[in-house]
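Visitor: Pasted the sequence and its predicted model underneath.
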Amino acid sequence: IILSTNMSKFRADALKHFFWAILIFATAAIFRLSVMDLMEFKTDEAKSLDAAVQFYKSPYIAQTTLPSSTGVYNMPLFFYLLTIIAFFSKDPLVISSLIAFINSILVMIFYLIVKRYYGNFVGVCASFLMATSPWMILYSRKIWGPDLILLFAIPAFYFIHRLIMDKKPKAIFGLSLCLMLLFQVHFSGVTLALASILTLIIFRVQISRKWLTLGIMLGSITLIPYLTLESFVCVDCMPTIEKVFDSSNFFRWSEIISGANFEDVLGDDYTAFLDQYAFLKITNLLFIFESFIVIWGIGCIFKNKKLHFLLIYLITAPVVAFLTFTPARMYYFLSASPFIILIYALGINWFFRLEGIKAHLRGVLGWGTITIIIFINIIFEVSFYKFLFQKQTIEGDYGDIYKVTNTLVEDKLSQVKDQPNYDFIRSEFFVKLFTSSGGY
């Protein structure tokens, strides 16, 4: 009887977790895979696409990707990953859709990891915040290095938990391998590596040196072509922006679960966007409330010594960005986003532990809070897509939507559209379009 009862409970739990996993994946996929022709597609995306597509015309080993904002060449791993994805199709829409699909799967995996260590409610909260966050959606559906950061950041998130909470020394292999690959996708991944090193030292985490060495060695293989460069600096690409300490790095990370500060994306059109969808002005008020949530999350961590390591991952990225004169751009915090979003979920879970309040009221506060945040994020994202569809050309960093650019390219190349090498011609034309004198 006991065995039968346990089996029934196991099946019920498995069914519940399966339901949430599918729902979370579907939610993430809806916003990442919808209206792909509205995606951002500019010079970096065009050059990345061309590099991957041209490999199938004349195979080569890339030594770099595009120059970073510091003028230093990025490492070639993103091109390698993109080349694999381009094997299935050379169409920018299909490639972007595959990147969006990968990120949707990763959101579901994030749920399974968080659920295992923090319980189902925290897992549901954290994953739905990641699934519906306008910032996380923005950086998960285009052909750019930061859009594949989660491919290694989420496994690294898992392996650090295996090391600290499960006390599995061999997990250092997975962590070291993921961290080596992460910073090769984008330099901001260095902050996650630094936070992990500090965590291992401060908390005296037991690791296997043999597996650490193996992880580093395997992760270094894709670095070899980069290390053969004569110069890592793109002299013509050195930024002209004056380097200053940007104090907004210390709070910019806290906007990652909402649509706050989307002015960086929409530029001069941001005011028009808010005027057209006046309801979204409430997001500024919501951000104030969200600030309290993250404070509650930090408070919960302070009360539990086992979770103190999360604070290192929260602090490292903004401090490094500030000390290196890095402007407070959201994609610099993508590597730490699983930890940041987890802390928000812990803050929401705090409602269930309020003393002096009836259980059903605590449930209303907890579920009500996450529902409101998700609802506003959904409204924001739908409004954002509507605005892109109507405006098409954004007076900000977003620029022209892909549909506009692709229509122009197809019109110019209409006479060669039936040629078997059209994909290669088109990818080259995209680059010429954006890099021609006077720009596009």
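Guide: Yep, it's here.
Visitor: Please look at residue 42 and residue 434 and confirm they touch.
Guide: Yes: using C-beta atoms under 8 Å, residue 42 is in contact with residue 434, at 6.4 Å. In short, each C-beta sits where N, CA and C put it, glycine included.
Visitor: any idea how far the residue positioned nearest the centre of the chain is from residue 292?
Guide: Centroid-nearest residue in the chain: residue 334, 4.7 Å away (criterion: C-alpha atoms, centre = their mean). In this structure, residue 334 and residue 292 are 24 Å apart, going by C-beta to C-beta, to the nearest Å.
Visitor: and what of residue 399?
Guide: Counting by C-beta to C-beta, the gap from residue 399 to residue 292 is 36 Å.
Visitor: go on, residue 133?
Guide: For residue 133, the distance to residue 292 under the criterion C-beta to C-beta works out to 18 Å.
Visitor: in this structure, which ranges drop under the pLDDT threshold?
Guide: Per-residue confidence of the chain (counting by pLDDT under 70) places the weak regions at 1-10, 235-243, 284, 355-356, 437-440.
Visitor: let's go with 50 and repeat that
Guide: Residue ranges of the chain with pLDDT under 50: 437-440.
Visitor: what are the ranges of the helices in the stretch 151-300 of the chain?
Guide: Read by DSSP state H, counting those that start in this stretch, the stretch 151-300 of the chain holds these helices, from start to end of the chain: 172-185, 189-202, 209-220, 224-227, 249-252, 263-266, 270-276, 282-303.
Visitor: And for the first one, what's in contact with it?
Guide: Right, the one you point to is helix 172-185. With contact meaning C-beta atoms under 8 Å, 6 or more residues apart in numbering, helix 172-185 is reached by 75-78, 81, 145-146, 148-149, 151-153, 155-156, 158-160, 162-163, 189-190, 192-193, 196, 207-208, 211-212, 214-216, 218-220, 222-223, 226, 335.
Visitor: Alpha carbons of stretch 300-308, in CSV - could you do that?
Guide: As requested, the backbone C-alpha atoms of stretch 300-308 are provided in CSV (Å, rounded to 0.1, in the frame of the first residue of the first chain):
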residue,chain,number,x,y,z
CYS,A,300,15.9,35.8,2.0
ILE,A,301,19.5,35.0,0.8
PHE,A,302,21.0,36.6,3.9
LYS,A,303,18.9,34.5,6.1
ASN,A,304,20.1,31.3,4.5
LYS,A,305,23.8,30.8,4.6
LYS,A,306,23.6,28.1,1.9
LEU,A,307,22.5,30.7,-0.6
HIS,A,308,25.0,33.4,0.2
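Visitor: Give me the distance from that stretch to the chain's centre.
Guide: A distance of 25 Å separates the C-alpha centroid of stretch 300-308 from that of its chain, computed with C-alpha atoms, centre = their mean, to the nearest Å.
Visitor: can you check stretch 107-114 too?
Guide: For stretch 107-114, the distance from its own C-alpha centre to the chain's C-alpha centre is 14 Å (C-alpha atoms, centre = their mean).
Visitor: How about it, which residues are buried there?
Guide: Residues 107, 108, 109, 110, 111, 113, 114 are the ones in stretch 107-114 that count as buried (16 or more other C-beta atoms under 10 Å).
Visitor: Setting the sequence-adjacent residues aside, check what's closest to the fifth one.
Guide: In other words, residue 111. Nearest residue to residue 111 in three dimensions, chain neighbours excluded: residue 127, at 3.6 Å (C-beta to C-beta, 6 or more residues apart in numbering).
Visitor: Was I right to think that neighbour contacts residue 110?
Guide: Yes: look at residue 127 against residue 110 with C-beta under 8 Å: they come within range, at 5.3 Å.
Visitor: check contacts around residue 89.
Guide: By C-beta under 8 Å, 6+ apart, the contact set of residue 89 is 95, 98.
Visitor: and it, backbone torsions?
Guide: Backbone geometry at residue 89, expressed as degrees, to the nearest 10, gives phi -170, psi 150.
Visitor: and what of residue 332?
Guide: The phi and psi values for residue 332, taken as degrees, to the nearest 10, are phi -70, psi -10.
Visitor: Contact partners for it?
Guide: Shown here is residue 332, whose contacts under the criterion C-beta under 8 Å, 6+ apart are 188, 191, 317, 321, 326.
Visitor: measure the closest residue to the second one other than its chain neighbours to residue 258 for me?
Guide: What it means is residue 191. If the residues on either side of it in the chain are set aside, residue 191 comes closest to residue 317, at 4.4 Å by C-beta to C-beta, 6+ apart. Residue 317 sits 18 Å away from residue 258, taking C-beta to C-beta as the criterion.
Visitor: Count the neighbours of residue 194 for me.
Guide: Other residues near residue 194 number 18, with proximity taken as other C-beta atoms under 10 Å.
Visitor: same question, residue 285
Guide: 9.
Visitor: circling back to that earlier point, mind checking how far the residue nearest to residue 111 is from residue 218?
Guide: For residue 127 relative to residue 218 (C-beta to C-beta), the value is 29 Å.
Visitor: Next: residue 43.
Guide: In terms of C-beta to C-beta, residue 43 sits 33 Å off from residue 218.
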